[in-house]
Structures are given as structure tokens and as C-alpha cells.
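Trainee: Just a sequence and a predicted model for now, questions to come.
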Amino acid sequence: QPSIADAIVDNIAHRKEKVLDVIKNSHGAGWVVTDEEIKNVINLVEDTCKIKTSPNSALSVAGLKKAIENSWKFNGPVVCLITGR
């Protein structure tokens, strides 16, 4: 089923192996978020920052939130790019 974040262009994972290689080689991680998690972040950003954001912009914050919930450890700065509607 399509995501509310319509910037996701590889919905059937044609690039899955390439993405996995990049994650492995960079010692990084990737997080999959649901529409519900995206909606929750849209509300969180609006409530805390007074910014109305799109589902596409909420993706980075939703991923960060999921990483934190999974006890991911950060060794440097974290940047989430979001834009207003």
C-alpha cells in the first residue's frame, strides 16, 4: 500500500541491495516508519516547533525518533531536514 510520504519512489525495493550495501559500508542504519509514525511526527513538530510540515519532511524526524526508541547510539551531530508546508 502506498505511503502518505509520496517522495518514496522505490516502494517495491528495487534498490534494496544498494541501500543495504551503503548502510553496511557506512556502519549506519536504516529505519522503516509507518504512516501512523509519520502522522505522529507531523503533530509533534507542529506542537513543539509550531511548524506545519508535510509527510515527506516528517520522514527524517520519524526515522530519528525510531532510532532513539531502538537505543541507537550517535557518535556525532544529527541533522533532520524538514520544511514547512
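Mentor: Good, I have the coordinates. Residues are numbered from 1 along each chain as shown.

Trainee: Every contact and neighbour count from this point should use C-alpha atoms.
Mentor: Will do.

Trainee: give me the low-pLDDT residue ranges for the chain?
Mentor: The chain contains residues with pLDDT under 70 at 8-14, 84-85.

Trainee: if you set the cut-off to 90 instead, what comes out?
Mentor: Low-confidence segments of the chain (pLDDT under 90): 1-20, 22-23, 26-32, 73-75, 81-85.

Trainee: Near Leu44, how many other residues are there?
Mentor: For Leu44, the neighbour count with other Cα atoms under 10 Å is 17.

Trainee: how many neighbours does Asn75 have?
Mentor: Asn75: 6 neighbours (other Cα under 10 Å).

Trainee: Now name the helix or strand holding it.
Mentor: Taking DSSP states H and E as the definition, Asn75 sits outside all helices and strands.

Trainee: Tell me how far it lies from Lys65.
Mentor: Asn75 is 16 Å from Lys65, where distance means Cα to Cα, to the nearest Å.

Trainee: any idea where the helices of this protein begin and end?
Mentor: Remark: helices assigned in the chain by DSSP state H are 16-26, 35-49, 55-69.

Trainee: Let me know which of those helices is tucked in deepest.
Mentor: helix 55-69 (a mean of 19; mean count of other Cα atoms under 10 Å).

Trainee: With distance to Ile82 as extra columns, can I get the helices of the chain in a markdown table?
Mentor: Below are these laid out as a markdown table (distance: least, Cα to Cα, whole Å):
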| stretch | distance to Ile82 |
| --- | --- |
| helix 16-26 | 22 |
| helix 35-49 | 9 |
| helix 55-69 | 5 |
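
Trainee: of the ones you listed, which approaches Cys80 most closely?
Mentor: Nearest of the helices of the chain to Cys80, taken as Cα to Cα: helix 55-69 at 5.4 Å.

Trainee: so how far is the closest one off the chain centroid?
Mentor: 4 Å (Cα atoms, centre = their mean, to the nearest Å).

Trainee: which strands and helices sit next to that helix?
Mentor: Secondary-structure packing of helix 55-69 (3 or more Cα pairs under 8 Å, 6 or more residues apart in numbering; DSSP states H and E): helix 35-49.

Trainee: the inter-axis angle of the helix it packs on versus helix 55-69?
Mentor: Interaxial angle of helix 35-49 relative to helix 55-69 (axes from the mean of the first three to the mean of the last three Cα atoms, to 10 degrees): 90 degrees.
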